[in-house]
Structure formats: structure tokens, C-alpha cells
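> Let's see this in three dimensions:
(2 chains)
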Amino acid sequence: MPISILCIAGPTASGKSSRAVEEALARGGEVISVDSRQVYRGLDIGTEKVSVEEIRGVPHHLIDIRDVNEPYSAGDFVADASRLIEEIAGRGKLPILVGGTHFYFDALLHGLPDGTPPDQELRRKLEALSTEELFSRIQAADLRRAAELDPANRRRLVRALEIIATHGSVPPRTTTWVLPRTNYAVEWVVIDPPREELRAKIDARLASALTRGLVEEVCRVREEVGDKRLNELGLEYRVVGEYLRGERDEASLLPALSAKLWQYARHQKAWLRKLAL
RNA sequence: GCGUCGGUGGCAGAGCGGUCAAUUGCACGAGACUGUAAAUCUCGCGGACAUCGUCCUACGUUGGUUCGAAUCCAACCCGGCGCA
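I've put the predicted structure just below:
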């Protein structure tokens, strides 16, 4: 008997969060955030976290569960989310997954190789190899996977070899060495506003973020974690960081953020075509 | 007004007689996506046509030199700087 879950997906600024609260209130649910950055404490304005007022008493999970310096990955999400889904369903409530990190949906619904967490030392060694060498090593171990991979995408190549190091090959997603092992009865809500409307929403929200103190927030986070980590925290933190370091002038800040957010939204829209099939 | 440097595709900025529809970056468009995912990677990006490819219109404007010009010359227009 699969557990029923509601999945709400859509590009940034499309109104996913408020829709989730509405659904939760109407159907008796709890919200699980599907967002790779809202897990971090202190990233509030830049990640557009929902406020206490917006939540309207609905429990929200997987927000503010990590310190900014701690890693969090798709594997952590699959483990956390599948646990929470069971707990929420056990309480007789509807688990509602909402968020913009569509890869996390993909990982939860289609699985990740079991027992293959990041191995920093191995990654360091592999990073030193040429792209051709990485690819030929994958070909030697797993022709099937090699055919799927982009031979130029080093990050994926390294990860494939990381999986190969423990499993010998990269498992197809239908096998049993893939997590999670639970199947869900998924109901999708896909929010995909028309182009011009979304663009306007993104810019309006960006303007609001700036007046709410986005730059100040990035400043605080930067002091805490340094420039290297700051760049890993997403486009707002990276772009505003460039400004704080004097690498870009104030006039270019807003146009750059707007353009990057739009690129991000387009990227998300590409996932929607794939996920909600 | 004189001198000087410059005006190139949406922007920035290469090219400086042919191999240039024009390097590159940004922006833009499309796509991939098996634990860094707001990451990483791929492709396209003057126009028209049926793939290689062909044909148009293009490098401020107008003329000129040349077999051939974004590239050389002249005048003009516009901009930066210097001197007045």
C-alpha cells in the first residue's frame, strides 16, 4: 500500500509555497521543503523562506536544519524526506512536498545508488585526472552508464567513478540497490506561469528582497563562511558577493540578479517537462 | 576651433587587405540531469532557404584605391581625451 503524497513543483517565484500552505490547510497536511538551500540557517532572504505569518500554523520540515558550513546533498534529502513522509502519514496527515530543487524530487521518486555517499578523498584524486582518463575509466567499468554520460561533464564523471568504486558499476534506477525502496502514490501540482508573468514576478520579488536587506544578509553570511563557501550557496549569494568584493559595480547588481534568476527559472522549467510526466 | 584616439553584431570587446557573417565574454534560446543540483555540462545565436551547403544584407555615412576592404585613402557625422 503506497503512501500518498502531494508534490508541488514549479519555477522560482511561481507561488509554490503559498499553494502548499493552502493545500495543507484544506486537506490536513504538513509541508516538506524540497530546497537545497532552505535547509541552511541564516539563508532567509536569498532563499525566499516562508515567514511565520505565511505558514499559518502549518508544520514545515527540512528548513533551518543545517549550519551554512555543513554539507547537505540529495542523499541526505532522500533519507530525511522518506523518513518524514512516513512520520506524517503515520499521523494521518498528508505529506506535501514543495520546492524548487527538482533534482531532489527526481532523487526521491526515481532513486539514488545506495551506500555511495560523497568520498572527498577519492574525489580529490579523481579531480587530478584528465577528462579523457575519467571517461575511459567509466567505459572500462560500465559501458551502459558511459553511454548516458556527457564525456565533458567532469563533475558527473567523478561521481560515476565514485559509485563504481563501491558497486563496480552504476546501478540502473530499477534495481534494488537504489534508495528509497518505498513507492509513493504521487499527486502532482505543477505551477508554470506564462513567461512574461513569471518574469514580472521574479523582478518584483527581487526588488522586495533587496529592500528587505538581501545585501546585508549576504554580508553577514560572507563574514561567517568566507568567499569560497559563499559562492556555493547559490546565485544571490554569489552575485551579491561579487558586488561586496568590488568585482561588480552597483549598477550591474540588479540586472545581473534578474538575469540569473531568469536563467534559473528556465532551468527549472526544463525539469518540469521531465518530472511531471 | 586645432590636435589626438576611437566609432564592429542586443551589450562589452577582438580583428586591421583575401581563409570574416566576423575570436571571446555577457545576455538570449534549446537540451542533458543516478548523493556539490540556484551546481555541472552540451548545443544554437545577422537574415532567407532543403543537411553538408547556397544566397542575401552587414563592421558610423558617402565616395575612392584594389582582382578583392570591417581592415587602406578622402570627406562628412558622432563620441572620449588634450590644447585653446
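
> remind me which residues of the stretch 1-150 of chain A are low pLDDT?
Low-confidence segments of the stretch 1-150 of chain A, defined by pLDDT under 70: none present.

> Run through the residues of it sitting next to RNA strand B.
Selection of the stretch 1-150 of chain A residues close to RNA strand B by Cβ under 7 Å from any atom of the strand yields A:12, A:35-37, A:46-48, A:71-76, A:79, A:100-104, A:106-107, A:110-118, A:123, A:145, A:148-150. Where you see a C-beta, it was placed from the backbone N, CA and C, and this is true even at glycine.

> out of these, which are inside helices?
Among these, the ones falling in helices (DSSP state H) are A:74-76, A:79, A:102-104, A:106-107, A:110, A:123, A:145, A:148.

> State the pLDDT value of whichever residue of the stretch 151-277 of chain A sits closest to RNA strand B.
As assessed by Cβ to the nearest atom of the strand, RNA strand B sits closest to A:G234 within the stretch 151-277 of chain A, at 3.3 Å. Note for A:G234: predicted pLDDT of 95.

> So among the residues of the stretch 1-150 of chain A next to RNA strand B, which ones count as buried?
Using 16 or more other Cβ atoms under 10 Å as the burial test, these include A:12, A:35-37, A:46-48, A:72, A:74-76, A:100-102, A:104, A:106-107, A:111-114, A:116, A:145, A:149 as buried.

> Contact partners for the residue of the stretch 51-200 of chain A found nearest RNA strand B?
Of all residues in the stretch 51-200 of chain A, A:G75 sits closest to RNA strand B, at 1.7 Å by Cβ to the nearest atom of the strand. Neighbour list for A:G75: A:A107, A:L112, A:T116, A:P117, A:L179 [criterion: Cβ atoms under 8 Å, 6 or more residues apart in numbering].

> swap in A:E250?
Neighbouring residues of A:E250 by Cβ under 8 Å, 6+ apart: A:Y243.

> what about the helices in the stretch 101-250 of chain A?
With DSSP state H, counting those that start in this stretch as the criterion, the stretch 101-250 of chain A has helices at A:102-110, A:120-127, A:131-141, A:143-148, A:154-167, A:195-211, A:214-230, A:235-244, A:250-275.

> I'd like those laid out as JSON lines, including distance to A:K16.
Output for the helices of the stretch 101-250 of chain A, formatted as JSON lines (distance: least, Cβ to Cβ, whole Å):
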{"stretch": "helix A:102-110", "distance to A:K16": "11"}
{"stretch": "helix A:120-127", "distance to A:K16": "33"}
{"stretch": "helix A:131-141", "distance to A:K16": "36"}
{"stretch": "helix A:143-148", "distance to A:K16": "30"}
{"stretch": "helix A:154-167", "distance to A:K16": "27"}
{"stretch": "helix A:195-211", "distance to A:K16": "12"}
{"stretch": "helix A:214-230", "distance to A:K16": "20"}
{"stretch": "helix A:235-244", "distance to A:K16": "18"}
{"stretch": "helix A:250-275", "distance to A:K16": "10"}
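
> Out of these, flag the one nearest A:E87.
Counting by Cβ to Cβ, A:E87 lies closest to helix A:102-110 out of these; the figure is 15.0 Å.

> List of residues touching that closest one?
Residues contacting helix A:102-110 (Cβ under 8 Å, 6+ apart): A:7, A:9, A:34-36, A:74-75, A:77-78, A:81-82, A:97, A:99, A:173, A:180, A:184, A:186, A:268, A:271-272, A:274-275.

> try stretch A:58-67
Stretch A:58-67 has contacts (Cβ under 8 Å, 6+ apart) with A:20-21, A:24-25, A:29-35, A:38-41, A:49-50, A:72, A:77, A:80-81, A:84.

> Now list the buried members of those.
Among those, those scoring as buried are A:20-21, A:24, A:29-35, A:38-40, A:49-50, A:72, A:77, A:80-81, A:84 (criterion: 16+ other Cβ under 10 Å).
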